[in-house]
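S.K.: What follows is a predicted structure for the sequence shown.
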Amino acid sequence: MRIAVLGGGNGSFAAAADLALAGHEVRLWRRDSAAVAAHIAAGGHITVLDAAGIHEALPHLITDDLGTAVHGAELILCPTPATAQPDIARRLVPLLQDGQVVYLPPGTLGSVLMAQALHRHRPGASVAFAETGTLPWLVRKRGPQEIAITIRAKRLPTGVFPEALSRRALGVIRQAFPDSIEDCGDALSAALMNAGPIIHPPLIVMNAGPLEHFPKWDIHNEGTQPAIRRTTDALDLERIAIRAALGYGPPHFPLANHYATEGEEWMYGRRSHDRLTESGDWRERILLQSHRYMMEDTRLGLSLLISAADLAGVEAPLARGFSAIGAAIRGDAPDHSGRTLADVGLGGLSRDELRQVLHHGF
């Protein structure tokens, strides 16, 4: 299958490498022309370290030309931070062809944001957008062309916009991720599976002192203490209450399962938290005012959760609290802005109207 992978971060390199190793024709696009030139000059390979050893992946193409990357691609994979989605949408939308599938793992409702941009550019276009609740890999770059994959996701709850195109979209996505895609309905259902706004805001806010004091700090290891775990569980209950109030049924993929060694498997399977901390790859420097845990998950992710809570009639005091504290840390107004339902074209709708748009599109 022809697959375009967008971005140059951890997830994008993992996608390009794994999909190339699986035999797909992979085109990796990056905005950074200098980085593209350096990668090509170094041989164009990606070295993958995982539990099975060392693998050399060779994408079909590495380019800074987005049109070349996406032309004729059946699947366009965009595992970039949500903060990059508006710029990517602006570049991507004029190039999209009917029948293509754009997959954002995870999305923060970026699937709807991109669909809205396409609708404004070319009403009636038949492109499916999808997103899931987490990145399909626990991965970190260890060098310009080297990545370490600790875990590959076992369960990826995926929603499609418009939902009416789910059958076609999921069929394409499953070719890239066989045996791991789970249909969770529409795009908002998938956005409300996003683990980032649940796990990361408490971890960085409640670890703000050591994060600013130590050169490197592992928020998932010594930064995850019982008090913080109780807080993330309580914040997750707000997310699940919002899903239920909006009519979405189980499974809700509770974050507590990420830490469990038995019971229902979470997105990364059992013992995923232990394997993450054992790797040592998440002992890192986190700059509180600019890191993606703050800008993507605390600002954008929590604003979406709060917006959905308002629609659902669910109180979300922890989401609001962490959103406000995050804004104070950044020096912003605590107005819960960033990525609301209105920001992606879903504001001012009744629940019935929202369901209609989520199913049929704009």
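M.R.: Yep, that arrived. Numbers count the residues shown, from 1 in each chain.

S.K.: can we go C-alpha only for contacts and neighbour counts from here?
M.R.: Noted.

S.K.: biggest helix in the protein by residues?
M.R.: helix 226-245 (DSSP state H).

S.K.: Going by neighbour count, list what's buried in that helix.
M.R.: Neighbour counts over helix 226-245 (16 or more other C-alpha atoms under 10 Å) mark 228-229, 231-233, 235-243, 245 as buried.

S.K.: ok, of those, which one's closest to Thr158?
M.R.: Taking C-alpha to C-alpha as the measure, Thr158 sits nearest to Arg243 out of the buried residues of helix 226-245, at 14.6 Å.

S.K.: nearest spatial neighbour of Arg90, skipping sequence neighbours?
M.R.: Computed as C-alpha to C-alpha, 6 or more residues apart in numbering, the closest residue to Arg90 that is not its neighbour in sequence is Ala117, at 7.4 Å.

S.K.: and that neighbour, what does it touch?
M.R.: Taking C-alpha atoms under 8 Å, 6 or more residues apart in numbering, we find Ala117 in contact with 89-90, 93.

S.K.: Give me the buried entries from the residues you listed.
M.R.: The neighbour-count criterion (16+ other C-alpha under 10 Å) marks 89, 93 among those as buried.

S.K.: Include distance to Thr132, secondary structure and pLDDT when you put the contacts of Ala117 into a markdown table, please.
M.R.: Conversion of the contacts of Ala117 to a markdown table gives the following (distance: C-alpha to C-alpha, whole Å; DSSP: H, G, I helix; E, B strand; the rest coil; pLDDT from 0 to 100):
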| residue | distance to Thr132 | secondary structure | pLDDT |
| --- | --- | --- | --- |
| Ala89 | 18 | helix | 98 |
| Arg90 | 21 | helix | 97 |
| Val93 | 20 | helix | 98 |
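
S.K.: With distance to Thr277 added, can I get the contacts of Ala117 in JSON lines?
M.R.: Conversion of the contacts of Ala117 to JSON lines gives the following (distance: C-alpha to C-alpha, whole Å):
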{"residue": "Ala89", "distance to Thr277": "34"}
{"residue": "Arg90", "distance to Thr277": "37"}
{"residue": "Val93", "distance to Thr277": "39"}
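
S.K.: Let me know the closest of the contacts of Ala117 to Leu305.
M.R.: Checking the contacts of Ala117 against Leu305 by C-alpha to C-alpha gives Ala89 as the nearest, at 22.0 Å.

S.K.: what about that closest one, distance to Ala82?
M.R.: When C-alpha to C-alpha, to the nearest Å is the yardstick, Ala89 and Ala82 sit 11 Å from each other.

S.K.: ditto for Pro202
M.R.: 19 Å.

S.K.: Can you classify Thr80 as helix, strand or coil?
M.R.: Secondary structure, DSSP: H, G, I helix; E, B strand; the rest coil: Thr80 is coil.

S.K.: related to what we said a few turns ago, run the chain-centre distance for the helix or strand harbouring the residue nearest to Arg90.
M.R.: The secondary structure element spanning Ala117 is helix 110-121 (assigned by DSSP states H and E). With C-alpha atoms, centre = their mean, to the nearest Å as the basis, helix 110-121 stands 17 Å off its chain's centre.

S.K.: Kindly report the same for stretch 293-311.
M.R.: Between the mean C-alpha position of stretch 293-311 and that of its chain there is a distance of 13 Å (C-alpha atoms, centre = their mean).

S.K.: Then stretch 289-309?
M.R.: On the basis of C-alpha atoms, centre = their mean, stretch 289-309 sits 12 Å off its chain's mean C-alpha point.

S.K.: And stretch 67-81, by the same measure?
M.R.: Going by C-alpha atoms, centre = their mean, where stretch 67-81 is centred and where its chain is centred differ by 16 Å.

S.K.: So Gly159 lies in a strand, does it not?
M.R.: Yes - checked against three-state DSSP, Gly159 lies within a strand.

S.K.: What is the neighbour count of it?
M.R.: If you count neighbours by other C-alpha atoms under 10 Å, Gly159 ends up with 32.

S.K.: For the longest helix of the chain, give me every contacting residue.
M.R.: Outside helix 226-245, the residues that touch it by C-alpha under 8 Å, 6+ apart are 189, 192, 198-199, 202-203, 206, 249, 252, 254-256, 305, 308-309, 312-316, 318-319.

S.K.: Which ones among these map onto helices?
M.R.: Filtering these for helices - DSSP H - leaves 189, 198-199, 202-203, 256, 305, 308-309, 312, 318-319.
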